[in-house]
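In: I would like to see how this sequence folds:
(one chain, ligands or ions: 1)
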Amino acid sequence: MKRILTGIQPSGHITLGNYLGAIRPLLALQNEEDVELLVFIADLHAITVPQDRVALRHNIKELAALFLACGLDLNKAHMFIQSEVPCHNQLGWVMECNSYIGELERMTQFKDKKQKQTDGVSAGLLTYPPLMAADILLYDTDLVPVGEDQKQHLEITRNLASRFNNKYGETFKLPEPYILKTGARVMSLVDPSKKMSKSDSNPKAFISILDDINVAKKKIKSAITDSEGSIRYDVENKPGVSNLLTIYSSLTNESIADLETKYANSNYQVFKEDLANIVGDFLSKIQEKYNYYINSSDLDLILNSGRDLAYHYASRKLQKVYHKMGIGRY
Ligand code: AQP
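Out: Below is the predicted model of the structure:
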């Protein structure tokens, strides 16, 4: 049985980037034989930067309902909230004690996010990767579907696991990232040199899965392109158009080459109009299901049973780790 794990932070309303980078590959993997999916809402990671308590509490449930609305198959998937399984913090501390400050300071995400923290940089922002390593290693995870931006964190997870195994004996399975070729790095709609992020201060930069359909369409139509006018994939010279082609291709499964041919004699207006409709249709299907799950009492039951199973797996691994390290009495 292959175990697949992924988490998303409830640090805002999830975007098309989160969907294409993390949820879409997860949905592809759940169709395979003999897989078990563990999906969690990474609320402990979200507090590495300041959060509003009311918004955070809301975003946690919203994200849970969105995972279901996107098509998570509960015959194969278990969903839980990270903070409800304390083994994550406990193994996180062990991982921190096996990490070096130098390697954590070299993480791109730390360097990027610390620039935005005007009121001081939390220690948690630096120690985000050891906590993420704990999230993954607690469950003997085989595959982690992520966007490109998380690849470096997967590498440090593997390094920390190997370091621990070498020091204390074989304990952790080394996980592999699972990154799709298209959609693994969706860019901002106003600055295609930056990735699309749910916490971007400019809402025009991202499409939230719960955006009003007309607002989302407008964002696509006003996305930054260039003055050349031709629809072709060239990330270096035409990052805006290339990003829109990526979104189009990921949502329709039409190849980028086919799209270039289809729009060879078109202009940006027609291309954007078509994409706006595709995005609109995609969002309205998910939003309909979301409205069902967010109002359903099933949501709490699903999260309770996910938490219980996750705790069952995680506490066994944590006990093994403590034993190997000589922590506690057993
Ligand atoms: N732009 C993106 N394109 C493709 N994949 C993306 N992911 C994030 N942005 C893109 C993937 O989504 C998953 C969940 O990410 P996260 O919420 O844990 O953290 P993040 O990568 O920091 O995502 P955001 O949206 O940028 O959040 P904030 O703004 O809070 O920092 C990951 O698999 C990630 O690769």
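In: got the residue ranges for the strands in the stretch 151-300 of the chain?
Out: Under the criterion DSSP state E, counting those that start in this stretch, the stretch 151-300 of the chain contains strands at 176-178.
In: Lys167 and the ligand, how far apart?
Out: 29 Å (C-beta to the nearest ligand atom, to the nearest Å). For the C-beta atoms, the positions are set from N, CA and C on the backbone; glycine is no exception.
In: cool, Val94 as well?
Out: For Val94, the distance to the ligand - C-beta to the nearest ligand atom - is 21 Å.
In: what does the average pLDDT come to for the host helix or strand of that residue?
Out: In the assignment (DSSP states H and E), Val94 maps to helix 87-97. Helix 87-97 shows a mean pLDDT of 98.
In: what's that helix packed up against?
Out: Counting contacts by 3 or more C-beta pairs under 8 Å, 6 or more residues apart in numbering; DSSP states H and E, helix 87-97 packs against helix 43-46, helix 128-137, helix 298-325.
In: Please put the alpha-carbon coordinates of the first one into PDB.
Out: These are the backbone C-alpha positions of helix 43-46, laid out as PDB (Å, rounded to 0.1, in the frame of the first residue of the first chain):
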ATOM      1  CA  ASP A  43      -3.000  25.300  10.900                       C
ATOM      2  CA  LEU A  44       0.300  25.100  12.900                       C
ATOM      3  CA  HIS A  45       2.200  26.200   9.800                       C
ATOM      4  CA  ALA A  46      -0.200  29.100   9.200                       C
END
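In: Now do the same for it: mean pLDDT, whole number.
Out: pLDDT averaged over helix 43-46 gives 98.
In: Counting by contacts, list what it packs against.
Out: Using 3+ C-beta pairs under 8 Å, 6+ apart: helix 43-46 touches helix 53-70, helix 87-97, helix 128-137.
In: Swap in 7 Å and give it another go.
Out: The elements that helix 43-46 packs onto, with contact taken as 3 or more C-beta pairs under 7 Å, 6 or more residues apart in numbering; DSSP states H and E, are helix 53-70, helix 128-137.
In: The second one too?
Out: In this structure, helix 128-137 packs against helix 43-46, helix 87-97, helix 151-168, with contacts taken as 3+ C-beta pairs under 7 Å, 6+ apart.
In: Next, the angle from that helix to helix 298-325.
Out: Between helix 128-137 and helix 298-325, the angle comes out at 100 degrees (axes from the mean of the first three to the mean of the last three C-alpha atoms, to 10 degrees).
In: coming back round to it: Throw the helices and strands packed on helix 128-137 into JSON lines and include mean neighbour count, thanks.
Out: What follows is these, written out as JSON lines (neighbours: other C-beta atoms under 10 Å):
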{"stretch": "helix 43-46", "mean neighbour count": "22"}
{"stretch": "helix 87-97", "mean neighbour count": "19"}
{"stretch": "helix 151-168", "mean neighbour count": "17"}
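In: do you know which of the ones you listed lies nearest Asn18?
Out: Evaluated over the helices and strands packed on helix 128-137, closeness to Asn18 peaks at helix 43-46, with 12.9 Å, by C-beta to C-beta.
In: Go through the helices and strands packed on helix 43-46 and name the closest to Glu36.
Out: Here helix 128-137 is closest among these (C-beta to C-beta), at 14.2 Å.
In: circling back: would you mind giving the helices and strands packed on helix 128-137 as a markdown table with distance to Lys2 added?
Out: Converted to a markdown table, those look like this (distance: least, C-beta to C-beta, whole Å):
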| stretch | distance to Lys2 |
| --- | --- |
| helix 43-46 | 24 |
| helix 87-97 | 21 |
| helix 151-168 | 16 |
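In: Relative to the ligand, how far out is Asn253?
Out: 17 Å.
In: meant to ask about Tyr100
Out: 23 Å.
In: and if you look at Ile8?
Out: Ile8 is 4 Å from the ligand, by C-beta to the nearest ligand atom.
In: Burial check on that residue, number of neighbours?
Out: The tally of other residues near Ile8 (other C-beta atoms under 10 Å) stands at 23.
In: Could you list everything it pairs with in the sheet?
Out: Ile41 (DSSP bridges).
In: Tell me the residues of the stretch 51-200 of the chain that contact the ligand?
Out: 146-147, 149-150, 184-186, 195-199 (C-beta under 6 Å from any ligand atom).
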